[in-house]
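[1] heads up, no residue letters with this:
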């Protein structure tokens, strides 16, 4: 059984804040199954945006795992905000988690799908 979006986001924020990085929820979506987007602030002040990975990249042996895919990298915050506002007009139930972590390696923070 897949975890609800609310539970998954809550655990992500708690885990990141406990690791020395900073995470905050900037948009609360549908409790059960809202799509989750991650806005990541880099050390140089640029931003990356991650969204739900397409179904075709999921491992059939782990169907309940949430995976993310990079949508934009190294862009201005305004560009990310514009994209998220467009997404909100289409899907009011989405979650947005903002993360700041300047340690370099983010592989342990949230699962990112491998490029196809």
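    The structure has been received and is ready for your questions. From a predicted model like this one, the values you see are computed outputs, not experimental measurements. Numbers count the residues shown, from 1 in each chain.
[2] helices and strands around the helix or strand harbouring residue 24, which ones?
    Taking DSSP states H and E as the definition, residue 24 sits inside strand 22-27. In terms of contacts (3 or more C-beta pairs under 8 Å, 6 or more residues apart in numbering; DSSP states H and E), strand 22-27 is packed against helix 5-18, strand 95-100. Just so you know, the C-beta spots here come from the backbone N, C-alpha and C atoms, and that holds for glycine as well.
[3] looking at those, spot the one closest to residue 44.
    Residue 44 lies closest, by C-beta to C-beta, to one member of the helices and strands packed on strand 22-27: strand 95-100, at 12.1 Å.
[4] what is the rounded mean pLDDT of the closest one?
    Per-region confidence: strand 95-100 scores 96 on mean pLDDT.
[5] coming back round to it: with respect to burial, which of the helices and strands packed on strand 22-27 scores highest?
    The densest packing among the helices and strands packed on strand 22-27, expressed as mean neighbour count by mean count of other C-beta atoms under 10 Å, is seen in strand 95-100 with a mean of 20.
[6] let's have the helices and strands packed on strand 22-27 in CSV, adding distance to residue 31.
    Formatted as CSV, the helices and strands packed on strand 22-27 follow (distance: least, C-beta to C-beta, whole Å):
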stretch, distance to residue 31
helix 5-18, 4
strand 95-100, 10
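[7] give the contact list for residue 49.
    Taking C-beta atoms under 8 Å, 6 or more residues apart in numbering, we find residue 49 in contact with 37-40, 70-73, 75, 80, 83-84.
[8] and the strand holding residue 24, how far from the chain's centre?
    Distance, stretch centre to chain centre, for strand 22-27: 10 Å (C-alpha atoms, centre = their mean, to the nearest Å).
[9] give me the contact list for that strand.
    With contacts defined as C-beta under 8 Å, 6+ apart, strand 22-27 is touched by 9, 12-13, 16-17, 39, 84, 88, 94-101.
[10] okay, now the sheet partners of it, with direction.
    According to DSSP bridges, strand 22-27 has the following sheet partners: strand 95-100 (antiparallel).
[11] picking up where we left off before, avg pLDDT for the strand holding residue 24?
    In this model, strand 22-27 has an average pLDDT of 95.
[12] quick one: the helix or strand following it to strand 95-100, angle?
    Where DSSP H and E defines the elements, the next helix or strand beyond strand 22-27 is strand 36-41. Computed by axes from the mean of the first three to the mean of the last three C-alpha atoms, to 10 degrees, the angle separating strand 36-41 from strand 95-100 equals 20 degrees.
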